[in-house]
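Trainee: for reference, the sequence and a predicted model appear below.
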Amino acid sequence: PCPTILNCLLGAKPGCAYFLENRDSPGHSRIVPAAGQGAYEVPVRTLDELVEDLGRKPTFIKCDAEGAEPAIFSGGKRFLRQHRPKLAITTYHNDGDYRAMHELLTSLDYNVAGKGLLFSGETLRVQMIHAW
């Protein structure tokens, strides 16, 4: 099947967010607290809701969402518990990401392995979680 591009963000709960796009440097695009200065409103959906609406059940998910990974996957607990896709999730963006993802996934009975280390400033972080 062909990829499907959806005009939404994924998060812990449905709603809306304001997105400030940086076309010159897409990696610097980000969610901001309010509209203005070029930011526009984007719907936020949960992973549970999205998978249900699409009617397809992914068997593998790779996610590098610049620190939003804990929120994204907390919005997908039902799907993760029922369908158990294999996961590769980055965890180096924020200090607590690895712990948050490890706790969430083990609470859903996933096997979890940390992969790679990143030394940033004075912090050593696990780069990615693989879960099955």
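Mentor: That came in fine, so what should we check first?
Trainee: give the residue farthest from the middle of this structure.
Mentor: Farthest-out residue of the chain from its mean C-alpha position, per CA atoms, centre = their mean: Gln37, at 25.6 Å.
Trainee: so who does it touch?
Mentor: Leu20 (CB atoms under 8 Å, 6 or more residues apart in numbering). Where you see a C-beta, it was placed from the backbone N, CA and C, and this is true even at glycine.
Trainee: quick check: it vs Leu118, distance?
Mentor: Taking CB to CB, to the nearest Å as the measure, Gln37 falls 32 Å from Leu118.
Trainee: end-to-end on stretch 112-128?
Mentor: This stretch, stretch 112-128, spans 10 Å end to end (CA to CA, to the nearest Å).
Trainee: burial count for the residue nearest to Arg45 when sequence neighbours are not counted?
Mentor: In space, and not counting its chain neighbours, Arg45 is closest to Cys8: 4.9 Å by CB to CB, 6 or more residues apart in numbering. Residues lying near Cys8 (other CB atoms under 10 Å) number 14.
Trainee: likewise for Gly114?
Mentor: 15.
Trainee: please apply the same query to Tyr110.
Mentor: With other CB under 10 Å as criterion, Tyr110 counts 20.
Trainee: shift numbering so it begins at 21
Mentor: Renumbered: residue one is now 21, and that last one reads Tyr130.
Trainee: hmm, it is touching Leu107, no?
Mentor: Yes - contact criterion CB atoms under 8 Å: Tyr130 and Leu107 qualify, at 7.4 Å.
Trainee: between those two, what contacts are shared?
Mentor: In contact with both Tyr130 and Leu107: Ala151, Trp152, using CB under 8 Å, 6+ apart.
Trainee: spatially nearest residue to His113 (excluding sequence neighbours)?
Mentor: Gly87 (3.6 Å).
Trainee: what of Pro63?
Mentor: That would be Cys28: by CB to CB, 6+ apart, it lies 4.6 Å from Pro63.
Trainee: so how far is Asp44 from the one you found?
Mentor: 24 Å.
Trainee: please apply the same query to Ser94.
Mentor: 32 Å.
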